[in-house]
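>>> Structure, please.
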Amino acid sequence: MIFDTHTHLNVPQFADDLEAVIERARELDVTEMAVVGFDTPTIEKSLALSQRYATIYSIIGWHPTEAGSYTPEVEKKLQHLLQSEKVVALGEIGLDYHWMEDPKDVQEKVFRRQIAIAKEMNLPISIHTRDAIEDTYRILKSEGVHTIGGIMHSFSGDDEWAKRFLDLGMHISFSGVVTFKKAIDVQAAAKIVPLDKLLVETDAPYLAPVPYRGKRNEPGYTHYVVDKLAELCESSYEQIANQTRENAHRLFRLN
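All right, here's what the predicted structure looks like:
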């Protein structure tokens, strides 16, 4: 019923109880999920999980905090792996000025290169932006992202920024942040996103929603994101769950 469009079951935090986490997700109506790989080990684990479980899909790409290690060899392997069965998008890619592991120009070069690959392969993209929303918008606009579309993952901007990214043809995905009491800007953004451009996610094991804030996040907790969006959008839980799943299927070109 619910599609968690961005989770990291491929990290060590889930090594000991993966099966239980997936079962708990089912009990909370989360029937499908996209596991995001962002460097060599997590990409390989994402692909393995998508082959093992019918309800898991892969999104793979090179994270901006890893931009300095992006080489021609990495790119060649990425292009090959993006052809794998059940890869539904390229990501998460973008800019991260919070950690600043690499200079802005290096991050931008790697970001633009991966957008070009996504265009060549006709894949949507999943965008990570942290403390870099203006440059992220500038690059997406200049690259004509509307031709492939994609996701503003774990959106943290306000309603005005949401409108600008929607104008580029992007989907807006909300994580547990939207349930936080002080996330007024994010909640304002949620209220203006058209239902056909709305997605939900956990970004597990990070950003657990209320009532689990501060604890390890799990895909099942997308349930609480859907519940909050239903409240904000003056809709029903069932409508938000079904609509966001339908949107994910359409964006990822799933039957």
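
>>> Please make it C-alpha for all contacts and neighbour counts, starting now.
Will do.

>>> Could you pick out the longest helix of the chain?
Longest helix of the chain, by residue count under DSSP state H: helix 104-121.

>>> buried ones in that helix?
Across helix 104-121, burial judged by 16 or more other CA atoms under 10 Å covers 104, 107-108, 110-112, 114-115, 117-119.

>>> and what of stretch 209-221?
209-210, 217-221.

>>> just the strands in the protein please.
2-7, 30-37, 56-60, 87-96, 125-130, 150-152, 170-174, 198-200 (DSSP state E).

>>> Now do the end-to-end distance for stretch 197-208.
Chord length of stretch 197-208, first to last residue, is 23 Å (CA to CA, to the nearest Å).

>>> same question but for stretch 178-185, I mixed them up
By CA to CA, one end of stretch 178-185 lies 9 Å from the other end.

>>> what do you get for stretch 184-201?
19 Å.

>>> And stretch 217-237, by the same measure?
One end of stretch 217-237 to the other measures 20 Å (CA to CA).

>>> buried stuff in that stretch?
217-230, 232-233, 237.

>>> all helices of the stretch 101-250 of the chain, in order?
104-121, 133-142, 159-167, 184-192, 222-232, 237-252 (DSSP state H, counting those that start in this stretch).

>>> Would you tell me which of these gets closest to Leu28?
Leu28 lies closest to helix 222-232 among the helices of the stretch 101-250 of the chain, at 6.1 Å (CA to CA).

>>> And the contacts of that closest one?
The contact list for helix 222-232, computed with CA atoms under 8 Å, 6 or more residues apart in numbering, reads 2, 4, 28-30, 174-176, 178-179, 187, 190-191, 200-202, 209-210, 235-237, 239-241.

>>> Now list the buried members of the residues you listed.
2, 4, 28-30, 174-176, 178-179, 187, 190-191, 200-202, 209-210, 237, 240-241.

>>> tell me the two of the buried residues of helix 104-121 that are most distant?
Lys104 and Lys119 (22.5 Å).

>>> residue ranges with poor pLDDT in the protein?
Residues of the chain meeting the criterion pLDDT under 70: none.

>>> measure Thr65 to Ala54 for me?
Thr65 sits 30 Å away from Ala54 when distances are taken as CA to CA.

>>> ok, now Ala89?
Remark: distance between Ala89 and Ala54 (CA to CA) = 17 Å.

>>> okay, these two: which has more neighbours?
Ala89 (27 against 10; other CA atoms under 10 Å).

>>> and that one, what does it touch?
Ala89 neighbours (CA under 8 Å, 6+ apart): 58-60, 123-126, 252.

>>> what does stretch 180-200 contact?
3-5, 155-160, 162-163, 166, 170-175, 177-178, 209-210, 222, 225-226, 229, 232-233, 240, 243-245, 247-248.

>>> Leaving out chain neighbours, which residue sits closest to Asp159?
Spatial nearest neighbour of Asp159, excluding adjacent residues (CA to CA, 6 or more residues apart in numbering): Ala189 at 3.8 Å.

>>> neighbours of the one you found, just the number please.
22.

>>> thinking in terms of the whole chain, how far from its middle is the longest helix of the chain?
In terms of CA atoms, centre = their mean, to the nearest Å, the centre of helix 104-121 is set 17 Å apart from its chain centre.

>>> in terms of contact count, name the helices or strands touching it.
strand 87-96 (3 or more CA pairs under 8 Å, 6 or more residues apart in numbering; DSSP states H and E).

>>> Can you show me the CA trace of the strand it packs on as PDB?
Extracted C-alpha coordinates of strand 87-96, given in PDB (Å, rounded to 0.1, in the frame of the first residue of the first chain):
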ATOM      1  CA  VAL A  87      17.300  -0.200 -10.900                       C
ATOM      2  CA  VAL A  88      14.600   2.500 -11.100                       C
ATOM      3  CA  ALA A  89      16.500   5.800 -10.700                       C
ATOM      4  CA  LEU A  90      20.000   7.300 -10.500                       C
ATOM      5  CA  GLY A  91      20.800   8.800  -7.100                       C
ATOM      6  CA  GLU A  92      21.200  10.000  -4.600                       C
ATOM      7  CA  ILE A  93      23.200  12.800  -6.300                       C
ATOM      8  CA  GLY A  94      23.500  16.500  -5.700                       C
ATOM      9  CA  LEU A  95      25.300  18.900  -3.400                       C
ATOM     10  CA  ASP A  96      26.200  18.900   0.300                       C
END
